[in-house]
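Undergrad: I would like the atomic coordinates for the input below:
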Amino acid sequence: MAAITKDDVLNALSEVYDPEIPINIVDMGLIYKVDVDGQNNVDVDMTMTTRGCPMHSFMVTQAQKRIEKMDGIGKVNVNLVWNPPWSPEMISQKIREQMQQNP
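TA: Residues are numbered from 1 along each chain as shown. As a prediction, this is how the structure comes out:
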């Protein structure tokens, strides 16, 4: 069984998009923690842009399903957390530069 890395999980999660914003959840800064153990079990802490986001359960489910599609994956647990609160500064530098070029 090939070891799954944090980067593998982040690459998979970069295919999950916030349906209200055309930016993936990794570049949005919504992924706070990714832990992978020796059995390829994955624990992810993620947040939303606001507590009132109507898409929380949809996005958590999408993240979970995308990780579960990975070859050799064990158990997957995606936790929705609120600390620290998300802020626009958490958006990746790459996306911030694109946003400045295309206001």
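Undergrad: buried set for the helix with the most length in the chain?
TA: With secondary structure taken from DSSP state H, the chain has its longest helix at helix 56-68. Of the residues in helix 56-68, 59-60, 62-64, 66-67 count as buried by neighbour count, 16 or more other C-beta atoms under 10 Å. Where you see a C-beta, it was placed from the backbone N, CA and C, and this is true even at glycine.
Undergrad: so how far is Asn83 from Asn24?
TA: Per C-beta to C-beta, to the nearest Å, Asn24 is found 22 Å from Asn83.
Undergrad: ok, the closest residue in space to Asp35 that isn't next to it in sequence - how many residues close by?
TA: In space, and not counting its chain neighbours, Asp35 is closest to Asp43: 4.4 Å by C-beta to C-beta, 6 or more residues apart in numbering. Neighbourhood size, Asp43 [other C-beta atoms under 10 Å]: 15.
Undergrad: now the helix or strand of the chain with the lowest mean pLDDT: buried residues?
TA: The weakest-scoring helix or strand in the chain, judged by mean pLDDT, DSSP states H and E, is helix 93-101 (a mean of 83). Applying a neighbour-count criterion of 16+ other C-beta under 10 Å, one finds Ile95 buried in helix 93-101.
Undergrad: contacts for that helix, please.
TA: With contact meaning C-beta atoms under 8 Å, 6 or more residues apart in numbering, helix 93-101 is reached by 23, 27-28, 91.
Undergrad: could you dump those to JSON lines with pLDDT, secondary structure and neighbour count?
TA: Shown next, in JSON lines, are the contacts of helix 93-101 (pLDDT from 0 to 100; DSSP: H, G, I helix; E, B strand; the rest coil; neighbours: other C-beta atoms under 10 Å):
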{"residue": "Ile23", "pLDDT": "91", "secondary structure": "coil", "neighbour count": "17"}
{"residue": "Asp27", "pLDDT": "96", "secondary structure": "coil", "neighbour count": "20"}
{"residue": "Met28", "pLDDT": "95", "secondary structure": "coil", "neighbour count": "22"}
{"residue": "Ile91", "pLDDT": "92", "secondary structure": "coil", "neighbour count": "19"}
